[in-house]
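A.B. asks: Build me a model from this:
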Amino acid sequence: MENNYFTESPFKTFISFHKVINVLEEIALSSVDYRSNYAKALLKEVSSKPELMTGIDDFNFIKENEQLITYLLADLFPTALTHNEIKAVTLPFQNITFNYTERFKKILNDAGQTFDMNIRDFDEHQFYIMNCTLILNAHYSQNIDFGKPLFYDIPDANGIIRHYRILYNADFVEIFPNEEVKHLSKNEIEELIDNYDNLQLWKQKFPPHSWILKGFVIITLVDVTVENAVSNLKTYLLRPENKDSESKQKSNSIFRSVFKVPDLQLGFTMYNEEEDRFEKPVFKEETMFSFILLDQKDADCKNALCGCSYEYLIENKNVFIIPDVTEFAKQEQNKYFAEKLLSQNIQSCLLAPVIKNNKLLGILELASSKVRALNSINANKLELIMPFLEDTIIRTFTDMQNQLEAIIQKEYTTIHPSVYWKFKREAKNYFQNITSSKDYILKEIVFKNVYPLYGQIDIKSSSEHRNETVKTDLRNQLKNIIDIFDTLKSTSNLLIVEQRKFELKELLNEMDAPLKTDTEQQVQSFIELEIHPILTTLQNEESKVKAYFDNLDPKTSMFYHARKDFDHTLSVINKKLASVLDAKQLEAQQIYPHYYERFKTDGVEHNLYIGESIVPTIPFDKMYLSNLRLWQLQTLCEMELEHHRIKDTLPYSLDVTSLILVFSSPISIRFRMDEKRFDVDGSYNARYEVVKKRIDKANIKGTDKRITEKEKITIVYSHNQEEAEYLKYIKYLQFKKILEPALERFEVEDLQGISGLKAFRVKVLNTEISEKKYSYHELLDELK
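C.D. replies: Next up is the predicted model:
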């Protein structure tokens, strides 16, 4: 038939009413006169249309004889039920329907003329094979269960999608083969059953139009909108990928089907129990919106809600319904919250606490632009969906906690990815034992026979610079106050001003001497307790006094200008150099996976540990150690160059010095559970840690000059083979025009318990600096 939605079928289909006509012939012979007479009259009408008996393959015939078919099927479609039942005549799994009940007609009329009624998630593959299974069951006496639920999704007059379960009555259909059809063997049937996805095989065994389907099927629809919407909600909530704008439309559509509110909007607000605050959900705004917070990131619960809603939702954990927001706004205590809702065109809303184990997780928000669209009656439908929402919110919270822990792990702890496997294995051992109620003590994490590499870029004379900026700020503040007191001399009779000015000058003279540990604190205390009370009384009279207070740092109530420039310069240098090191580290991990940690103090330090115990799955060779040493030296050169590039853009001039400590003996490192970091293990290995802590302050042997110098890299070593190895690296980088040709060699002064250290010192060649130049603001933008 031309009107079939699915054109290819194993059946040649004929709509026939022969079974109904046969029943009418039996009734015509009965002794019940009114029944017999009715049947005879109808059979007389039918006799002129033999196609009703033999079969119809032209849908136009159905249209032309629509009234006669209605009379013929009157017993199957009783008039008394036509406004209640959703029934029609159809063919199996096809979207051809006719002879509708009045209720079915209304549903289709409400959907509109453009609506195309198709079975949900049903394609040609399923259509063909399900028709074949009809043949297997009817003709080959198989008992194949192919009956997955089938649904129509039809919009109502308000645009709400309603869901209808399809039920078929096949009592009036017959199936039989064409004459040329080959009978299938048992093996062929089993082969088909085992190959659902092989459509070509099914078409081979059941070629198109090789069987006859004669008769009709009665389709009955059952409105399962709420049940189906809940089922869809469960499926939707289980999908972790629902994080885009389409998922928001999907969730809104599901809730509209449940509540039968065409403009229903869904929102959610998270609850922070520790701070009693509402927070925006962790989803993107296009996925989930908060009507309570609107454009706020978070808010105090009592401020965000009115008193009664706070009591209902937070304290009593009950559903709070506002059927008419405009009426709700007339009460003064509700005004703030109501106006926020009205600004979003919300005329009725429902706020439901999402609770798990008596703990409030957040607030589910349902909103509509129609008054009383949400009310105390349809609020009861929440009972159908809240259990699934609670489980999903719990899962989301758990995922969020896992992500937060992952961020903490990555950003705030020293468990590097290279050693994470060992922590994970030990944690798994612990978990498996405690779940089996066995005692288990966590074992220490130790990596033996690893080679250490230590390097640093230090801010030269940072303590002296810091002290000098402190003195500069103190000196400027004292001078400013003395100048104000000089101005007050002619206008004030306060004798105490002269006394305080004398004390200020004494403090100013002290600024010429080296800064003592407590000098800053003493000056700050004196100014706050003795000077500011005087100036505060004169603030409205003297413009200089007002300008003075405007110049104070709001946190310390002191001048913070030179020190601010120093602190900011130090921070920018640290961030920039650390970013270079971190980026290069990603490349270094490709040489051979190794442990890496970095510290920012007055400069940037780093530790590397490489060895087979860290990556037992990859055989270790000292070639990897050599590669990493060359990488470290070259990276320090790049960090030196990066500092030279940004130096002139910074508000305070600071130089840096670079140092590498070479240590060729393998050591062991242990994770200190109390300090939550790795440290060298054992007394012999402790020598390396002692050298590392003291070496940067060491002098050249026999002099009072430091071993480190600005724009130069110092390499400290102990053995001749280390000297020979690093000479090769230096010559290579000199050839690459990264290091200058001049090379200094010297011995390092004896440190406490340590002697025999030697060092190279070589300058980084600044002529190879990249053409890229920074402005100060460009530099800050890049660091952000």
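A.B. asks: show me the contacts for K443.
C.D. replies: E426, N429 (CB atoms under 8 Å, 6 or more residues apart in numbering). Any C-beta I mention is one placed from the backbone N, CA and C, and that applies to glycine too.
A.B. asks: switch the cut-off to 6 Å
C.D. replies: Residues near K443 by CB atoms under 6 Å, 6 or more residues apart in numbering: E426.
A.B. asks: Next up, phi/psi of it, please.
C.D. replies: For K443, the backbone dihedrals are phi -80, psi 150 (criterion: degrees, to the nearest 10).
A.B. asks: just Y609 next, same as before
C.D. replies: phi -130, psi 130.
A.B. asks: close enough to count as contact, it and V450?
C.D. replies: Yes - taking CB atoms under 6 Å as the definition, Y609 is a contact partner of V450 at 4.3 Å.
A.B. asks: For those two, work out which one has more neighbours and name it.
C.D. replies: The neighbour count for Y609 versus V450, taken as other CB atoms under 10 Å, is higher for Y609 (25 against 21).
A.B. asks: how about the strands of the stretch 601-750 of the chain, start to end?
C.D. replies: For the stretch 601-750 of the chain, the strands defined by DSSP state E, counting those that start in this stretch cover 603-610, 656-662, 667-672, 677-680, 712-717, 739-747.
A.B. asks: Quick check: L24 touching A39?
C.D. replies: Yes - L24 lies in contact with A39 (CB under 6 Å); the separation is 4.6 Å.
A.B. asks: hey, what's in contact with both of these two?
C.D. replies: Between them, L24 and A39 share no contacting residue, judged by CB under 6 Å, 6+ apart.
A.B. asks: re earlier: for K731, which of the strands of the stretch 601-750 of the chain is the nearest?
C.D. replies: With CB to CB, the closest approach to K731 among the strands of the stretch 601-750 of the chain belongs to strand 739-747: 8.9 Å.
A.B. asks: Starting from the following helix or strand past the closest one, tell me which strands it pairs with and how they run.
C.D. replies: Next helix or strand after strand 739-747 toward the C-terminus (DSSP states H and E): strand 758-764. Sheet pairing of strand 758-764 (DSSP bridges) gives strand 712-717 (antiparallel), strand 739-747 (antiparallel).
A.B. asks: could I get those as a markdown table with mean pLDDT, mean neighbour count and distance to K546?
C.D. replies: Shown next, in a markdown table, are those (pLDDT from 0 to 100; neighbours: other CB atoms under 10 Å; distance: least, CB to CB, whole Å):
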| stretch | mean pLDDT | mean neighbour count | distance to K546 |
| --- | --- | --- | --- |
| strand 712-717 | 95 | 24 | 50 |
| strand 739-747 | 94 | 15 | 55 |
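A.B. asks: Let's have the ones you listed in TSV, adding distance to Y140.
C.D. replies: TSV is the format used below for the strands paired with strand 758-764 (distance: least, CB to CB, whole Å):
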stretch	distance to Y140
strand 712-717	86
strand 739-747	86
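A.B. asks: W202 and C132 touch, don't they?
C.D. replies: Yes - the pair W202 / C132 is scored as a contact, 5.4 Å apart, by CB under 6 Å.
A.B. asks: where do the helices sit along the stretch 401-550 of the chain?
C.D. replies: All helices of the stretch 401-550 of the chain, identified by DSSP state H, counting those that start in this stretch, fall at 417-435, 462-488, 495-510, 519-526, 532-537, 543-550.
A.B. asks: got a pLDDT number for L783?
C.D. replies: Here, the pLDDT recorded for L783 equals 46.
A.B. asks: just K87 next, same as before
C.D. replies: 96.
A.B. asks: That one - how many residues pack around it?
C.D. replies: K87: 24 neighbours (other CB under 10 Å).
A.B. asks: mind listing the strands for the stretch 1-150 of the chain?
C.D. replies: Under DSSP E, counting those that start in this stretch, the stretch 1-150 of the chain gives strands at 11-15, 87-90, 97-98.
A.B. asks: Make a markdown table from the ones you listed and add distance to C301 to it.
C.D. replies: Output for the strands of the stretch 1-150 of the chain, formatted as a markdown table (distance: least, CB to CB, whole Å):
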| stretch | distance to C301 |
| --- | --- |
| strand 11-15 | 65 |
| strand 87-90 | 53 |
| strand 97-98 | 54 |
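A.B. asks: of all these, which lies closest to L374?
C.D. replies: Of all these, strand 87-90 comes closest under CB to CB, at 34.0 Å.
A.B. asks: Sheet partners, orientation included, of that closest one?
C.D. replies: strand 97-98 (antiparallel), strand 217-223 (antiparallel).
A.B. asks: what's the least confident stretch among those?
C.D. replies: strand 97-98 (a mean of 92).
A.B. asks: So what's the gap between that one and the chain middle?
C.D. replies: Strand 97-98 sits 48 Å away from the centroid of its parent chain (CA atoms, centre = their mean, to the nearest Å).
A.B. asks: Now do the buried residues in stretch 107-127.
C.D. replies: I107, A111, I119, F122, Q126, F127 (16 or more other CB atoms under 10 Å).
A.B. asks: Break down the stretch 151-300 of the chain into its helices, ranges please.
C.D. replies: Taking DSSP H, counting those that start in this stretch as the test, the helices found in the stretch 151-300 of the chain are 186-193, 199-205, 225-238, 245-259.
A.B. asks: Go through those and name the closest to S718.
C.D. replies: helix 225-238 (61.7 Å).
A.B. asks: Pull out the buried residues from the longest strand seen in the chain.
C.D. replies: For the chain, the longest strand by residue count, based on DSSP state E, is strand 446-459. Of all the residues in strand 446-459, those buried under the rule 16+ other CB under 10 Å are F447, V450, Y451, P452, L453, Y454, G455, Q456, I457, D458, I459.
A.B. asks: which residues sit in contact with S613?
C.D. replies: F447, K448, N449.
A.B. asks: L52 is in contact with V46, correct?
C.D. replies: Yes - counting by CB under 6 Å, V46 does reach L52; the two are 5.5 Å apart.
A.B. asks: Would you quantify the distance from H183 to F206?
C.D. replies: H183 is 12 Å from F206, where distance means CB to CB, to the nearest Å.
A.B. asks: more neighbours, the two?
C.D. replies: It is F206, of H183 and F206, that has more neighbours when counted by other CB under 10 Å, with 24 against 8.
A.B. asks: if we can go back for a sec, could you dump the contacts of S613 into TSV and include pLDDT?
C.D. replies: Formatted as TSV, these follow (pLDDT from 0 to 100):
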residue	pLDDT
F447	88
K448	90
N449	90
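A.B. asks: where do the strands sit along the stretch 251-400 of the chain?
C.D. replies: Going by DSSP E, counting those that start in this stretch, the stretch 251-400 of the chain shows strands at 265-272, 277-279, 298-300, 320-322, 348-356, 359-368.
A.B. asks: between those strands, which one is nearest to V690?
C.D. replies: For the strands of the stretch 251-400 of the chain, the distance to V690 is smallest for strand 265-272, at 47.0 Å, taking CB to CB.
A.B. asks: and the angle from the closest one to strand 348-356?
C.D. replies: Relative orientation of strand 265-272 versus strand 348-356 (axes from the mean of the first three to the mean of the last three CA atoms, to 10 degrees): 40 degrees.
A.B. asks: Could I get the buried residue list for strand 265-272?
C.D. replies: The neighbour-count check on strand 265-272 (16+ other CB under 10 Å) flags Q265, L266, G267, F268, T269, M270, Y271 as buried.
A.B. asks: Surely the fourth one is in contact with E279?
C.D. replies: No - contact between F268 and E279 fails when scored by CB under 6 Å: they sit 10.6 Å apart.
A.B. asks: Tell me the confidence at the residue nearest to V450 when sequence neighbours are not counted?
C.D. replies: In this structure, V450 finds its nearest non-sequential neighbour in G611, 3.5 Å apart by CB to CB, 6 or more residues apart in numbering. On the pLDDT scale, G611 is placed at 93.
A.B. asks: Enumerate every residue touching G611.
C.D. replies: Applying CB under 6 Å, 6+ apart, the residues contacting G611 are N449, V450, Y451, F620.
A.B. asks: ok so, going back, helices or strands next to the longest strand of the chain in the packing?
C.D. replies: strand 603-610, helix 622-646, strand 656-662, strand 667-672 (3 or more CB pairs under 6 Å, 6 or more residues apart in numbering; DSSP states H and E).
A.B. asks: Many thanks, I have nothing further to ask.
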